[in-house]
Structures are given as C-alpha cells and as structure tokens.
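**Student:** predicted model and sequence follow; I will ask about them next.
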Amino acid sequence: MYNRNRIPSPFPPSEIADRALLLATIPSLDPPHFLGPIIATAATTTRDHLTIVLFSRLFNEPSPTSTVTFRGVSRTDRFDDVLRLLTYVYVQATSVAQSLDKVLMEIDVVLRGIDADLPCNLGQGIDVVFRVAGDSIAVPLPASISSVRQTFLAAADHDNIDAPASPSSPVSPSAVHAALHKPPRLPVVALGGTFDHLHAGHKILLSMGSWITAEKIIAGVTDDVLLTKKSHAHLLQPLPKRIACVRAFLELFRPGIEYEIVPIQDVYGPTGWDPNVQGLVVSRETVGGAEAVATQREAMSLPPLQTFIIDVISPHSTRLDHDDMELLRRTKMSSTFIRDWLADKEIEAVEKEKAETELNAELEAEAMSEKNERR
C-alpha cells in the first residue's frame, strides 16, 4: 500500500543517529534491490545499532489453522528464497558499515507478517525511523515508533536496477510432490556455532533456524574450553555473554517460541541424542558436521534430520564458493576478523598513549629548558 503524496525527506548527512530503525514493505521474496540506497543511507548515518524490519504478507503465519485471509508461504519450501533475501539485506548494510570502520555496529534484520502487531517496545531508545517514500506500512506502529522522528527516503527505480537473476533450475515431479507433503514448519530445529561477537553470518544462521521452526529452537554454543587456541583468544566473549546475545537476537527475530541455548563440547550437541529434533541448519562450510550428526543418530537408531544449508558470506558478497578452504577462511564474514580488528585497535591505543606520553615528556623538557634559560 502506497501513499504517493509522501515526499522524500532525506536525513541530513551532517547528523548521526546512535540507534535507528528502517521499516519497509517488500512485494516478493526476491532480494529487495530497490532498497539498496536506503539501506546504504541508514547504515551510513547510524553509529551503534540499526534494526531493519521488512514487512510482507508472505511472512504471515503459514499454519492451516491461521485465521487470516492470506496465509504466509511454507517456511521449509521457501527456505532458499528467504535465505537469499535476508543475506542480500545483511550484506548491503554490513558492507557500508565496515567500509566506514564501524565493525562493531549492530545490524539486525527482522521479518514480519501483516497478521500480527509489532512489539510495543521496538522503538525504545531509537533516534530516527527510516521509511520508504510512498510506503504505507500495513501494520499499526506502536507509539514507541510513531512518536520518533520519521525520515522518508526514495527507493531505487525498479526499472534501472541491474539485479542478478535468482538462480533457478527445473523442478522435477518428485520435488513438487515432496514440497506438497512437507510441513510448512518443523516442530524442533537445531543449529550451533561459537557465536562470538554476533555478526551477520551468525544472525542469518539463527534467523533461518527460527524461520523454519514451529515450537522450539535449540542453539548449541561452543564452550570456552574448546576455544583456547583461537586467534586473539583473550578477546573472545565469555560463554555467558555469547549465550545472552544469542537469546536476545532470537527473542527479537522470533518471539513466542521456546529457546534452548546450551553449551556444547562436541560437534553433536543435543542433535546427537535428542529424538525430538527434526531439522538441522548448518553453513555450507560445516556440512561435514551435519554428516557426522547423521552418522551418530543412525548409530543410536534415532530418526534422520532434515538438513538446511546456508551460504558462507563475506562483508561484500552474498555467497562465497571457494574450494580453497584457507581462502574461504580469510575472506568470509567471521568473528576472527572482528577480533583481529579489535587487536589492531588495542595496538593503536597503546601506540597513541605512548606517543602522547613521549610528546608530554618533550613539552615538559622544553618548558624546563626555557625556565632554566630565563634564570
């Protein structure tokens, strides 16, 4: 729904917001290239935390028992489409933030249907709300958002967007049959990771796990004892902090379900013994771990898991296909990169303090010399 009389009101480039919201309606599950310039502006003019909320009736509750007129798409059947959409938005925002050396800037992307109200506290602490000129959000905005300064930005012209085509392949009759008989969501879904300095790659993993689960998500968080050999290990966030960050993000992205967030000390975690898990979400880089889980569950006579794979991304690419694992490790979006950046900042701070100390010493020596000369 659009209000064509809404005039764009660009956020003054001289102003910076500590925390900002970007609200936008999207018409399909295609990557929203028309939002590119708006995402770039929001990421450029936000200092600490940018939350992007995308609305679509496609995100409505998919359950057959839903009372809304339009049911949302099947979460399992459209997994890859939503993954591409989510990844595009995260990469657009993250590439801008990192180019401006805002490596620790928080970026969250949330998907919302139009069949439920927004949380009343979503706008708390927000300095500005970015909107798309002409876009009339079909969900009532709580006072915490509507009372905040709104700035409307012009979207890119759809006709002038040089957007790559979404990958497609012929669909076999058996695949169509499987999709028709696949539940729109799985009751219990599991995933795992270190989740140190929660970044876009982690958030995509957590989001896609939340996207396909109906009742419960199990997130295994690597225990501190397994991370002692990581680079710059002293900069790793402690386990309680990493668990708290995972929980906070899950509560933002998918409120109302059960979260089981547990330390893990092996590749399996609860997936190795819990018969109630139906789905597993892994990155393309850790498919080997999913295979190990499958072997373990077979050995314990547990039902197999339906595995979903997310792409490995970089701050500038929505998909890395390197066969060279070392090259992949160096280019992907990672906690290692963040710790390296933090370590460099530590060195810069020490060098700056040293330079200031030496300068003060020189100034004191000069002052003392002038004083002696006057005598």
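**Tutor:** Thanks, I have it. Numbers count the residues shown, from 1 in each chain.
**Student:** only C-alpha atoms for contact and neighbour calcs from this point on.
**Tutor:** Fine.
**Student:** confirm Val267 sits in a strand?
**Tutor:** No - Val267 is assigned coil when assessed by DSSP: H, G, I helix; E, B strand; the rest coil, not a strand.
**Student:** how are the helices of the stretch 251-375 of the chain distributed by residue range?
**Tutor:** Ranges of helices in the stretch 251-375 of the chain, per DSSP state H, counting those that start in this stretch, are 287-299, 325-331, 335-374.
**Student:** now those as a markdown table including mean pLDDT and distance to Gln124?
**Tutor:** Formatted as a markdown table, the helices of the stretch 251-375 of the chain follow (pLDDT from 0 to 100; distance: least, CA to CA, whole Å):
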| stretch | mean pLDDT | distance to Gln124 |
| --- | --- | --- |
| helix 287-299 | 91 | 39 |
| helix 325-331 | 47 | 36 |
| helix 335-374 | 85 | 28 |
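**Student:** tell me which of these lies nearest to Ser99.
**Tutor:** Among the helices of the stretch 251-375 of the chain, the nearest to Ser99 by CA to CA is helix 335-374 (12.9 Å).
**Student:** I'd like the next helix or strand past the helix or strand of the chain with the lowest mean pLDDT.
**Tutor:** Ranked by mean pLDDT, DSSP states H and E, the helix or strand of the chain with the weakest confidence is helix 173-180, at a mean of 42. Once the chain leaves helix 173-180, the next helix or strand it forms, by DSSP states H and E, is strand 186-193.
**Student:** that next one pairs with which strands, and in what direction?
**Tutor:** Using DSSP bridges, strand 186-193 pairs in its sheet with strand 213-222 (parallel), strand 279-283 (parallel).
**Student:** so Gln308 makes contact with Thr286?
**Tutor:** Actually, residue 308 is Phe rather than Gln. No - assessed by CA atoms under 8 Å, Phe308 is found out of contact with Thr286, at 11.5 Å.
**Student:** which of the two has more neighbours?
**Tutor:** Comparing Phe308 with Thr286 by neighbour count (other CA atoms under 10 Å), the higher total belongs to Phe308, at 20 against 15.
**Student:** who's in contact with the nearest residue to the more buried one once chain neighbours are set aside?
**Tutor:** Distances taken as CA to CA, 6 or more residues apart in numbering place Val281 nearest to Phe308, at 4.8 Å, with adjacent residues excluded. By CA atoms under 8 Å, 6 or more residues apart in numbering, the contact list for Val281 reads Val189, Ala190, Leu191, Leu205, Met208, Gly209, Thr307, Phe308, Ile309, Ile310.
**Student:** same check on Asp127?
**Tutor:** Neighbouring residues of Asp127 by CA under 8 Å, 6+ apart: Ala17, Asp18, Arg19, Ala20, Val148, Arg149.
**Student:** quick check on the second one: phi, psi?
**Tutor:** Reported as degrees, to the nearest 10, the phi and psi values for Asp18 are phi -70, psi -50.
**Student:** count the neighbours of it for me.
**Tutor:** Neighbour tally, Asp18, other CA under 10 Å: 15.
**Student:** the third one now?
**Tutor:** Number of residues near Arg19 (other CA under 10 Å) recorded here: 21.
**Student:** how far away is it from Arg242?
**Tutor:** 22 Å (CA to CA, to the nearest Å).
**Student:** try the fifth one
**Tutor:** Between Val148 and Arg242 the distance, using CA to CA, works out to 31 Å.
**Student:** of these two, who's got more company?
**Tutor:** In this view Val148 and Arg242 are compared by other CA under 10 Å, and Arg242 has more residues nearby, 21 against 17.
**Student:** is it true that that one lies in a strand?
**Tutor:** No - counting by three-state DSSP, Arg242 falls outside a strand, being helix.
**Student:** dump the residue contacts of it.
**Tutor:** So Arg242 contacts Thr194, Phe195, Asp196, His197, Leu198, Val221 (CA under 8 Å, 6+ apart).
**Student:** turn the buried ones among those into a named ChimeraX selection, would you?
**Tutor:** Here the buried members of the contacts of Arg242 are turned into a ChimeraX selection, burial being counted by 16 or more other CA atoms under 10 Å:
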select :194,195,196,197,198,221
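**Student:** count the neighbours of Ala200 for me.
**Tutor:** Neighbours of Ala200 under the rule other CA under 10 Å: 25.
**Student:** how about the contacts of Arg242, which pair is most distant?
**Tutor:** Pairwise distances across the contacts of Arg242 (CA to CA) peak at 12.4 Å, for the pair His197 and Val221.
**Student:** low-confidence ranges, the stretch 201-350 of the chain, go.
**Tutor:** 313-333 (pLDDT under 70).
**Student:** hmm, 50 instead?
**Tutor:** 322, 324-328, 331 (pLDDT under 50).
**Student:** repeat that for the stretch 1-150 of the chain.
**Tutor:** The stretch 1-150 of the chain contains residues with pLDDT under 50 at 1-5.
**Student:** could you rerun that using 80?
**Tutor:** The model of the stretch 1-150 of the chain has pLDDT under 80 over residues 1-15, 63-69.
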